[in-house]
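In: Only the shape, not the letters, is given here:
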Ligand SMILES: NC(=O)c1ccc[n+]([C@@H]2O[C@H](COP(=O)([O-])OP(=O)(O)OC[C@H]3O[C@@H](n4cnc5c(N)ncnc54)[C@H](OP(=O)(O)O)[C@@H]3O)[C@@H](O)[C@H]2O)c1
Ligand SMILES: NC(=O)c1ccc[n+]([C@@H]2O[C@H](COP(=O)([O-])OP(=O)(O)OC[C@H]3O[C@@H](n4cnc5c(N)ncnc54)[C@H](OP(=O)(O)O)[C@@H]3O)[C@@H](O)[C@H]2O)c1
């Protein structure tokens, strides 16, 4: 039987594991695909650093490799926008199906890449790009294809989840927890992509596109990182039975001019009874609410060479089977094409903690500011201590702009000595 | 555009929800499939009981409906072995793709049905048959197709999980909790299929077949229900930081004559820190351990008309898309075809609670019985009270036959006044 030939682009953490697994699972892959699957070449930047790869497979000419006539399938695990994008487009145009783990690229340019794949009649799969090993994109795309997804809420970045988990466990501040994460290898030397929410935002865009059949890019995602989360925020959360998580939230929002899609990444308090609250350390989990299916949760390892390679291989088997069957699978459809809703118009809920002067009427003054911005208060707790007091307020849902305007106004109220904690709240009923 | 025509067999809890969703989602289904999807007819036993179905669609001639020339796809939600089997086979032979929610039939006769589907070049999908709305079979079959699954452990029966959850919460015995479940509609009038583990065993067989690419039927599954679980068992579990769950456990077990597959359904103690321990009430969850992916968990609603119909519709979209593309998807392969291992040879761990005479040497006597059966003890706790004492023993892993022989021998030891609780333990490290 003629083997199917695979060009492997990149041989780092993920690529190295893919190379190993393809060799280890050779017999199984043959049985599952119907033909042997063989690595035809491995493109890297610095071939001398790759003694683990048979020398005759190594090349620095990635473009030459993907366009080789004998190559059937391409696995892109280089990462970043270029040269990954050009290489994937060249592969597609040369009639190769592509598997990628590249969230940054898919979130920026997924629409164009899908259009190219559809035109060429080839597959473009990228299960590994979101939540590593967790089967998520295929269930969203296929298992729930007969349902209406309402919300997708995920912990999709292990680094920030590790940092927030440590802050909750030890009472440490952000910088201290980040330093620990860096030392233990959970955070990269430059942690910006994780800590500032760029990584989670890319994943949010990919999830929203598939869940809502709409073209959502990273630029449509409202993004706030965790660098401003304080030990006080975490302590306040615990006081109201909550825990702080960095969430990627994708929602279908009704509106006067029809439905739209709101996608946002920010730290939020969630009740400790929520299934996502128990997701600790570097694990990922994604919670899905669908009209008929109800609540679903998917949990597992979000990163690491082997787990991510497992997802890449699942896709590789799928595109290889399609190749053997002589057909491409159905791509995701953007038929609904709901517009993206800006954060200002997205309904959210806030938890606000204020230091106030303990004088009569202070609660009335504060409540008036909320009312003036048409924000309704769900609960208030007032703790007096000496001539000062603390007000802890949880609002009902209101447009985010109204909530942030309320906070700005409160900062100007003389009786308010300080706004000590502001965080959005999710998953409260 | 020519619509794809669907024959709906059965219009009860699930079928009724399928009918509703197909109507509600008509526009979306058309977009997702590429052609409209239309119900061509609905077969039931008692048409007069179905005012919700347009009269011209109703028929009692299910066989006539599935073999009609204009029917493309068949949804079987009648349940049970016959006539479901004959109808599905007739549909397949007539070239129709089939979606079913029928765990009993798939677990008994999946091999023959798959062979028929492969021969006819049509699809046979049955995501709804295990764990209702939770996307599980597709991830096992496709997302993990490049990985090696080691174990699948599931809470796949909501009725028994509800009963066990109530026993833990209230301290009630089995009969009392069952009575409550029946009253609230969580248990059927005849609860045998759920309580005695038949339902979970069918699901275990389906999961094992897909996870291990082997032909496993319900007859291969060792099955114990929850009727013998006592309030004492539940209390003893709590004492060692565990909770009692009815588990379906599918494992790949190494052995001298090669690997085999062990599938068993029985109540077991699991640590409260295990992700499955928190799955309460009528929810289902399935825990998967794979070589590269590591630990994964899938959580959601295991039953109910709408959730189950969501899974049926996901399959319907998939087979409809394949029909539009003019190809059948890849069926599950039984290429590994590992033999089933009997429970006697399957390694398990036991928790045993004994009432013993508080005399010197009793622990030595008991320990000798374990040693004589080559069962190694992990922990012992001894509580004295007057002239009696309690011994609580957790074993290491040993062949189940050795463990049950040990229990039988202990019942004959004079110093052992009673064996008050015996349960297997899972998920302890
Ligand atoms: N690591 C994870 O846990 C994880 C999880 C999910 C998704 N991902 C995604 O998987 C992708 C790969 O991540 P990774 O962690 O494996 O990255 P990595 O360890 O940095 O490996 C990148 C590889 O790409 C090669 N490369 C870089 N530029 C190249 C070029 N211009 N031409 C050819 N090869 C080039 C590098 O070659 P040299 O070895 O010669 O430098 C290296 O082998 C990224 O999209 C990432 O977002 C990673
Ligand atoms: N209910 C759940 O939550 C759930 C969850 C997962 C899987 N499932 C599976 O889904 C299937 C259906 O379950 P269900 O709860 O919907 O059952 P159900 O409510 O009892 O409905 C069964 C339907 O089949 C019809 N029927 C029975 N015998 C027939 C025959 N000989 N010819 C034509 N129609 C016949 C009945 O007709 P009449 O209405 O005229 O009596 C009824 O409409 C089963 O395989 C079950 O295991 C159910």
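Out: That came through fine. Model, not experiment: these values are computed from the prediction. Ligands and ions are numbered 1, 2, ... in the order given.
In: for chain A, what helix or strand is lowest in average pLDDT?
Out: Least confident helix or strand of chain A, by mean pLDDT, DSSP states H and E, is strand A:377-385 with a mean of 88.
In: Which of the residues in that one are classified as buried?
Out: By neighbour count on 16 or more other Cβ atoms under 10 Å in any protein chain shown, the buried set for strand A:377-385 is empty. Just so you know, the C-beta spots here come from the backbone N, C-alpha and C atoms, and that holds for glycine as well.
In: centre of the chain versus it, how much separation?
Out: Chain-centre distance of strand A:377-385: 34 Å, with Cα atoms, centre = their mean, to the nearest Å.
In: Okay, now the sheet partners of it, with direction.
Out: Applying DSSP bridges to the sheet, strand A:377-385 is found paired with strand A:388-395 (antiparallel).
In: Hmm, residue A:275 and residue A:155 touching each other?
Out: No - judged on Cβ atoms under 8 Å, residue A:155 makes no contact with residue A:275 at a distance of 10.4 Å.
In: Of the two, which one has the most company?
Out: The neighbour comparison of residue A:155 against residue A:275 (other Cβ atoms under 10 Å in any protein chain shown) goes to residue A:155, with 26 against 22.
In: for chain A, longest helix please?
Out: Secondary structure of chain A read by DSSP state H shows that its longest helix is helix A:305-325.
In: For ligand 1, what is the nearest residue in the stretch 301-429 of chain A?
Out: Nearest residue of the stretch 301-429 of chain A to ligand 1 (Cβ to the nearest ligand atom) works out as residue A:303 at 3.4 Å.
In: what's near enough to touch that residue?
Out: A:132, A:158, A:282, A:284 (Cβ atoms under 8 Å, 6 or more residues apart in numbering or on different chains).
In: could you redo the last one with a cut-off of 7 Å?
Out: For residue A:303, the contacting residues are A:132, A:158, A:282, by Cβ atoms under 7 Å, 6 or more residues apart in numbering or on different chains.
In: separation between the first one and ligand 2?
Out: Separation of residue A:132 from ligand 2 (Cβ to the nearest ligand atom, to the nearest Å) stands at 30 Å.
In: just the strands in the stretch 251-400 of chain A please.
Out: Using DSSP state E, counting those that start in this stretch, the strands of the stretch 251-400 of chain A run over A:260-271, A:283-290, A:294-301, A:347-348, A:350-357, A:377-385, A:388-395, A:398-399.
In: related to what we said a few turns ago, out of the contacts of residue A:303, who has the most neighbours?
Out: Highest neighbour count within the contacts of residue A:303: residue A:132, with 30 neighbours (other Cβ under 10 Å).
In: In this structure it contacts residue A:310, no?
Out: No - in this structure, residue A:132 is not within contact of residue A:310 by Cβ atoms under 7 Å, at 8.3 Å.
In: residues in contact with the closest residue to chain B within the stretch 101-250 of chain A?
Out: At 2.3 Å from chain B, residue A:146 is the closest residue in the stretch 101-250 of chain A, using Cβ to the nearest Cβ. Neighbouring residues of residue A:146 by Cβ under 7 Å, 6+ apart: B:21, B:25, B:29, B:310, B:313, B:314, B:316, B:317.
In: out of the residues you listed, who's near chain A?
Out: B:21, B:25, B:29, B:310, B:313, B:314, B:316, B:317 (Cβ under 7 Å from any Cβ of the partner chain).
In: Scan these and report the most crowded one.
Out: Of those, with other Cβ under 10 Å as the count, residue B:310 tops at 33 neighbours.
In: Cross-check the contact I'm expecting between that residue and residue B:133.
Out: Yes - Residue B:310 sits in contact with residue B:133 when judged by Cβ under 7 Å, with a separation of 5.0 Å.
In: any common contacting residues for those two?
Out: In contact with both residue B:310 and residue B:133: residue A:293, using Cβ under 7 Å, 6+ apart.
In: For chain A, what lies in contact range of ligand 2?
Out: For chain A, the contact set with ligand 2 under Cβ under 6 Å from any ligand atom is empty.
In: So, low pLDDT: which residues of chain A?
Out: Counting by pLDDT under 70, the ranges of chain A that qualify are A:330-331, A:333-334.
In: By proximity to ligand 1, which residue of it wins?
Out: Ranking the residues of chain A by distance to ligand 1 (Cβ to the nearest ligand atom) places residue A:12 first, at 1.9 Å.
In: can you list contacts of stretch A:198-214?
Out: Residues outside stretch A:198-214 that contact it (Cβ under 7 Å, 6+ apart) are A:103-104, A:106-107, A:110, A:129-130, A:137, A:140-141, A:149, A:152, A:154, A:156-157, A:192-193, A:215-218, A:220-221, A:223, A:246, A:248, A:250, A:252, A:261, A:263, A:265, A:332-338.
In: for residue A:103, what are its contacts?
Out: Residues in contact with residue A:103 (Cβ under 7 Å, 6+ apart) are A:129, A:130, A:199, A:202, A:203, A:206.
In: Need the max-distance pair from those.
Out: Within these, A:199 and A:206 form the most distant pair, 11.3 Å apart (Cβ to Cβ).
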